[in-house]
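In: Pasted the sequence and its predicted model underneath.
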Amino acid sequence: MGTDTQTLDTAAVAAYLEKTMPGFEGPIEAQKFDVGQSNPTFMLKTPKKNYVLRRKPPGVLLKSAHAVDREFRVQKALFETDVPVAKMHVLCEDDDIIGSAFYVMDHVDGRNIGQPKMDGASPEERTAVIDDMNRVLAAMHEVDIEAVGLADYGPPGNYYERQIGRWTKQYRASETDTVAPMDELLAELPKRMPDVSERRLVHGDYRIDNMMFEKNGPKCLAVLDWELSTIGHPLADLGSVIMQWQMPANGESRGLEGVDRKALGLPTDEEFVAKYCERRGLDGIDDFGFYLAFCFFRMAGIIQGVYKRALDGNASNPERAMRVGKSVPIFAQKGLDALNAQGTWGS
């Protein structure tokens, strides 16, 4: 059995797949992707075809963390919908095979774009790529969750009430210093919470580097990393995209702050939201500032947790965690600014 995240028992995987996956033929050569994913991911090369294996890290884990079974389920349900995903093959929940649960899917032969700025691309290419990112997001939020068997993929009730409660608790548990903008955001956000009952599939981490595009074109071939997906409210995903773009244009945040978007062929935040509304048949979004503020609040909560783990000596990359952790006040202030900028977007 494999006991670390860097290696894979290829003989055990091959033997298992030859029994459970029609048409599969070994032997396997495995190569670990070096992207910083919480679920270790490997390319499986066989004489006939390439696949991808994602596994839970071995060892004792939080009950809800690293849920590869959920990742497998949602992508299997979405295959042949308008949301592009890799084809799923096998889910193995028997820890005895390689030491933890895993699944195998097709390898999507495309390109991964790390930053929305897309250095080196033409303005026309940037426009087309971001437009397809918009198309896929709108398609995801139009999926009929009953028809594809995902109605029970997340809890009922007000998504924001649940999330604000959860992340407020998490933030308070990992709080290290008093951050005045965060305290104000925590107080004001619940007062502005919309009464929403809409239940849609949300990705939870929708960003350009979690997508695979054509090698020589703008079309998205697959959305990746569904670990945080659930049934929730779609504007949390949309708000998350805009939140990222409002951050500095550096390697840490995938932001576009201060970038001459028009010259680069990139849409403004408002143009992206308007196109999304057009695709979903929405007559604008009232108080979009709430949804944007919610995303800044949640990210501040996540970053505070990372910062606390770094201070406690438990971070996987302590230097980066300490650096990123100091941006909590920035996220909190941007959240407050968004909350104060009331108005309808996309109409």
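Out: Cool, the structure landed.

In: From now on I want contacts and neighbour counts done on CA atoms only, so please keep to that.
Out: OK.

In: and stretch 306-320, which residues are buried?
Out: 306-310, 315, 318 (16 or more other Cα atoms under 10 Å).

In: And the contacts of that stretch?
Out: For stretch 306-320, contacts defined as Cα atoms under 8 Å, 6 or more residues apart in numbering pick out 174-176, 321-322, 324-326.

In: Return the closest of these with respect to Asp237.
Out: Ranked by distance to Asp237 (Cα to Cα), the contacts of stretch 306-320 are led by Val324 at 21.8 Å.

In: Show me which positions of the top helix by length along the chain end up buried.
Out: Identified as the longest helix of the chain according to DSSP state H is helix 288-311. Buried residues in helix 288-311, defined by neighbour count with 16+ other Cα under 10 Å: 288-310.

In: shouldn't Ala67 be in contact with Glu227?
Out: Yes. The pair Ala67 / Glu227 is scored as a contact, 6.5 Å apart, by Cα atoms under 8 Å.

In: Leaving out chain neighbours, which residue sits closest to Tyr103?
Out: Computed as Cα to Cα, 6 or more residues apart in numbering, the closest residue to Tyr103 that is not its neighbour in sequence is Leu91, at 4.3 Å.

In: which residue packs closest to Gln115, ignoring adjacent ones?
Out: Leaving aside its sequence neighbours, Gln115 sits nearest to Arg254 (Cα to Cα, 6+ apart; 5.4 Å).

In: Report the contact partners of that neighbour.
Out: Counted by Cα under 8 Å, 6+ apart, Arg254 has contacts 114-117, 244-245, 247-248.

In: Give me the buried subset of those.
Out: 115-117, 244-245, 247.

In: quick one: which of these is nearest to Ile130?
Out: Distance to Ile130, by Cα to Cα, is smallest for Pro116 among the buried ones among the contacts of Arg254, at 7.9 Å.

In: Packing partners of the helix or strand where Leu186 lies?
Out: Applying DSSP states H and E as the criterion places Leu186 in helix 180-188. The contact analysis (3 or more Cα pairs under 8 Å, 6 or more residues apart in numbering; DSSP states H and E) places helix 180-188 against helix 288-311, helix 328-340.

In: quick one: Val85 and Pro318, what's the gap?
Out: Distance from Val85 to Pro318, counting by Cα to Cα, to the nearest Å: 33 Å.

In: Phi and psi next, for the closest residue to Glu271 other than its chain neighbours.
Out: Of all residues not flanking Glu271 in the chain, Gly346 sits nearest, at 7.2 Å (Cα to Cα, 6+ apart). Main-chain dihedrals, Gly346, degrees, to the nearest 10: phi 80, psi 10.

In: my guess is Gly346 meets Arg279, correct?
Out: No. Counting by Cα under 8 Å, no contact exists between Gly346 and Arg279, whose distance comes to 11.1 Å.

In: Of the two, which one has the most company?
Out: Between Gly346 and Arg279, Gly346 has the larger neighbour count (other Cα atoms under 10 Å), namely 19 against 15.

In: Next one: the closest residue to Asn340 other than its chain neighbours from Gly258, what distance?
Out: Closest residue to Asn340 apart from its sequence neighbours, by Cα to Cα, 6+ apart: Gly289 at 7.3 Å. The gap separating Gly289 from Gly258 is 20 Å, by Cα to Cα.

In: so who does the closest residue in space to Lys32 that isn't next to it in sequence touch?
Out: Nearest non-adjacent residue to Lys32, counting by Cα to Cα, 6+ apart: Phe42, 4.2 Å away. With contact set as Cα under 8 Å, 6+ apart, Phe42 has these partners: 30-33, 52-54.

In: Can you verify Phe42 is assigned to a helix?
Out: No. Using DSSP: H, G, I helix; E, B strand; the rest coil, the assignment for Phe42 is strand, not a helix.

In: returning to that earlier point: so which of the buried ones among the contacts of Arg254 belong to helices?
Out: Residues of the buried ones among the contacts of Arg254 located in helices (DSSP H): 244-245.

In: closest to Ala180 among the buried ones among the contacts of Arg254?
Out: Of all these, Met247 has the smallest distance to Ala180: 19.9 Å, by Cα to Cα.

In: That closest one contacts Leu256, doesn't it?
Out: Yes. At 6.3 Å, Met247 counts as touching Leu256 under the criterion of Cα under 8 Å.

In: What ranges in the protein fall below the confidence cut-off?
Out: 1-6, 35-38, 58-66, 251-252, 315-316 (pLDDT under 70).

In: Now do the domain split for it, please.
Out: 10-106, 112-340 (automatic domain parsing).

In: Measure how far the last one is from the centre of its chain, please.
Out: Spelled out, that is domain 112-340. The chain centroid and the centroid of domain 112-340 are separated by 8 Å under Cα atoms, centre = their mean, to the nearest Å.

In: and the most centrally placed residue in the chain, what does it touch?
Out: Central residue of the chain (Cα atoms, centre = their mean): Asp205, 1.7 Å from the mean position. Asp205 makes contact with 225-226, 228-229, 237, 240 under the criterion Cα under 8 Å, 6+ apart.
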